[in-house]
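Undergrad: Any chance you could fold what I've pasted below:
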Amino acid sequence: MENIVVIGGSNVDLKAYSENYLPHTSNPGHIEESLGGVGRNIAENLGILDNKVTLLTSVGNDHFGKKLLEETSRSQVNLDHVKITDKEKTGLYLAHLDKDGELIAAISGMEIMNSIDESYIKANKDLIKNASLVIFDTNLNSEVIEYILEITKKNKIITFAEPVSIDKGKKLLQQIESIDYLSPNLDEAEMLLGLEVKGENDFSLRLKRVKEKYNHYKNIPVMFVSCGEKGVLILSKKKSDFVEAEKIPKKDLKETTGAGDALLAGIASKLVRENSELKKAVEYGIKIASLTVKSKFTVNPDLKERLKGD
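TA: Now for the predicted structure:
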């Protein structure tokens with residue numbers, strides 16, 4: 001079985017749901033706790049999908065850190081190399097969502113990511129050198145990303161980067177030619193390609209601009225551009241394609257948190273284990289993402305069973 005190393009953020013998600021949100025006052029609702037963190041979510045999905053995966057991340061020596069390690073280990077993720085520190089608290093992600101599971105606002109307390117430094121990566125260098133695929137997110141510091149890509153490039157290891165957000169994704173701009181695959185959303189793709197982020201402007205026009213600008217570059221990664229409920233745009237030098245998302249009835253939609261991480265994990269799983277063509281890998285990724293948004297959890301614990309049932 002191919003070995004995948006995931007390097008990135010781990011945290012606990014605290015999710016607050018309210019029916020009719022009013023600002024500047026207390027709102028009735030309910031609060032749930034689940035595991036999160038982009039890197040950790042990707043690793044857990046990969047583990048559930050029966051991949052051999054090792055997670056490199058950092059947690060605090062506290063209640064949340066112990067919970068995170070205990071529950072993530074149930075998905076067969078190798079956690080032997082996780083850094084446990086007394087200096088920082090385990091990362092927390094506080095999200096406020098509406099009744100449809102769409103994000104209203106969030107705060108991410110991820111100071112602990114500073115403990116994933118070059119010395120930690122160096123201590124785990126052999127793991128990275130012997131991987132078939134290295135996946136990382138941009139919760140990492142720029143210097144750490146640069147060091148990881150030095151190792152992967154020298155040892156010809158395939159890399160897959162998750163930009164996380166427009167601001168954090170800017171860390172990839174100077175290193176983009178050293179990356180093999182990228183999984184941005186449409187806003188992040190525009191930023192990475194040097195385009196103005198158009199937000200809610202005409203969708204078809206945005207896709208056209210992105211495809212045209214992508215083709216101007218010579219050495220640029222394959223991009224799997226997530227366009228939410230519309231689908232995924234595949235950008236590659238061989239062929240660009242658009243794969244429509246599964247139509248999910250509103251009554252079946254629990255929340256969208258973790259959908260992008262599930263998409264990436266599904267794509268990566270197909271690429272590594274079956275060397276699938278890009279479109280088939282994306283179709284599988286969309287299936288994983290669709291099953292994720294039908295669950296109230298950031299990573300659907302019943303993913304494997306639901307896949308068998310579909």
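Undergrad: Beta-bridge partners for M223, please?
TA: On the basis of DSSP bridges, M223 is bridged to L182, L235.
Undergrad: Please report the number of neighbouring residues for D13.
TA: Close neighbours of D13, defined as other C-beta atoms under 10 Å, add up to 22. In short, each C-beta sits where N, CA and C put it, glycine included.
Undergrad: Return the residues in contact with it.
TA: Taking C-beta atoms under 8 Å, 6 or more residues apart in numbering, we find D13 in contact with 33-36, 93, 95, 257, 298.
Undergrad: could you redo the last one with a cut-off of 10 Å?
TA: Residues in contact with D13, defined by C-beta atoms under 10 Å, 6 or more residues apart in numbering, are 32-37, 41, 91-95, 106, 108, 257-258, 297-298.
Undergrad: And for L140?
TA: Residues near L140 by C-beta under 10 Å, 6+ apart: 7-9, 39, 56-57, 113-114, 116-117, 121, 146-148, 161, 164, 168, 171.
Undergrad: returning to what we had before: write a PyMOL command that selects only the buried members of the contacts of D13.
TA: Selection of buried members from those for PyMOL, criterion 16 or more other C-beta atoms under 10 Å:
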select buried, resi 34+35+36+37+41+91+92+93+94+95+108+257+258+297+298
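Undergrad: Of the contacts of D13, which belong to helices?
TA: Residues of the contacts of D13 located in helices (DSSP state H): N41.
Undergrad: From the contacts of D13, which land in strands?
TA: Among those, the members found in strands (DSSP state E) are 32-36, 91-95, 106, 108.
Undergrad: Reformat the residues you listed as a markdown table; add pLDDT and distance to S18.
TA: Output for the ones in strands among the contacts of D13, formatted as a markdown table (pLDDT from 0 to 100; distance: C-beta to C-beta, whole Å):
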| residue | pLDDT | distance to S18 |
| --- | --- | --- |
| E32 | 87 | 12 |
| E33 | 87 | 16 |
| S34 | 86 | 17 |
| L35 | 91 | 22 |
| G36 | 91 | 19 |
| G91 | 95 | 24 |
| L92 | 93 | 19 |
| Y93 | 86 | 17 |
| L94 | 90 | 14 |
| A95 | 86 | 12 |
| A106 | 87 | 14 |
| S108 | 84 | 20 |
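Undergrad: any idea which of these is closest to K83?
TA: The closest of those to K83 turns out to be G91 (C-beta to C-beta; 12.4 Å).
Undergrad: Please name the nearest non-neighbouring residue to the closest one.
TA: Spatial nearest neighbour of G91, chain neighbours left out: N11 (3.2 Å); criterion: C-beta to C-beta, 6 or more residues apart in numbering.
Undergrad: which strand residues sit across from that neighbour in the sheet?
TA: Counting by DSSP bridges, N11 is bridged to G36, G91.
Undergrad: still on that earlier bit, out of the contacts of L140, which sit inside strands?
TA: The strands, defined by DSSP E, take in 7, 56, 161 from those.
Undergrad: Per-residue pLDDT of the first one, please?
TA: Per-residue confidence for I7 comes out at a pLDDT of 98.
Undergrad: again, but for the last one
TA: Reading off the per-residue confidence, A161 sits at a pLDDT of 98.
Undergrad: I'd like to know how far it sits from S115.
TA: Note on A161: its distance to S115, by C-beta to C-beta, to the nearest Å, is 21 Å.
Undergrad: what's the neighbour count on E150?
TA: 13.
Undergrad: hang on, I meant N11
TA: The tally of other residues near N11 (other C-beta under 10 Å) stands at 29.
Undergrad: In space, what's closest to K296 - neighbours in sequence excluded?
TA: Nearest one to K296, counting by C-beta to C-beta, 6+ apart, is K254 at 4.6 Å.
Undergrad: which residues touch that neighbour?
TA: Per C-beta under 10 Å, 6+ apart, neighbours of K254: 97, 100-101, 248, 292-297, 300.
Undergrad: can you rerun that using 7 Å?
TA: Contacts for K254 (C-beta atoms under 7 Å, 6 or more residues apart in numbering) come out as 101, 293-296.
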